[in-house]
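Peer 1: Got a predicted model here, sequence first, then my questions.
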Amino acid sequence: MTATNAFERFARLPHMEEGPVLRVWLDEALGHLAVEHDGTITWDDLQTLKTAVWGPSARAIEVYPAEGQIVNSASIRHLWRLGDAEFAPDLLGDDMGEDTLLARCAVAWAEARG
C-alpha cells in the first residue's frame with residue numbers, strides 16, 4: 001500500500017477542528033487518530049478528542065519510536081486506541097508480576113507505597 005493509499009483510509013472529522021486543532025483524521029479500522037495542530041495542543045486537548053471519538057472508557061497511546069524510525073514532517077500527534085485486553089501501564093497501581101513493563105510498574109508502585 002502506498003503512503004497516499006494508506007492516508008485514504010482516514011476520514012476527516014472537521015467538527016472537531018477548533019483552537020489548537022487544525023485538522024483531525026480517523027482510521028476507525030486501525031484505531032488511529034491523527035491530529036494536526038498549531039504547536040500549542042495540550043494533553044487535555046488530546047484526552048478530549050480521544051473521549052469524543054472513542055468514548056470515556058477507551059484507552060489510547062502515543063508511540064515514541066527509535067531514532068531511526070522517526071517520521072516528523074508535520075505537526076501531527078497520533079493516538080492509537082488500545083483494545084480492552086491490551087497492556088498499558090496502570091497509573092492507579094493495579095499490577096501483576098513478571099519481567100515486563102507491567103511488572104516493572106508493579107515493582108515501582110510497591111516501592112512507592114513503602
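Peer 2: Yes, it's here.

Peer 1: And D84, how close does it get to P65?
Peer 2: When distance is defined by Cβ to Cβ, to the nearest Å, D84 is 25 Å away from P65. For every residue, glycine as well, the C-beta is placed using N, CA and C.

Peer 1: Can you tell me the element T48 falls in?
Peer 2: In the assignment (DSSP states H and E), T48 maps to helix 43-54.

Peer 1: Do I have it right that A60 meets L49?
Peer 2: No: applying Cβ atoms under 8 Å as the test, A60 and L49 come out as separate, 9.4 Å apart.

Peer 1: Determine the residues that are contacts of both of those two.
Peer 2: Counting by Cβ atoms under 8 Å, 6 or more residues apart in numbering, the residues touching both A60 and L49 are 33, 79.

Peer 1: roughly how far apart are the residue of the chain most remote from its centre and H32?
Peer 2: Here the centre of the chain is the reference, and by Cα atoms, centre = their mean the most remote residue is G114, at 31.3 Å. Applying Cβ to Cβ, the value for G114 to H32 is 40 Å.

Peer 1: quick one: the helices in the protein?
Peer 2: Listed in chain order, the helices found in the chain under DSSP state H are 3-7, 43-54, 101-113.
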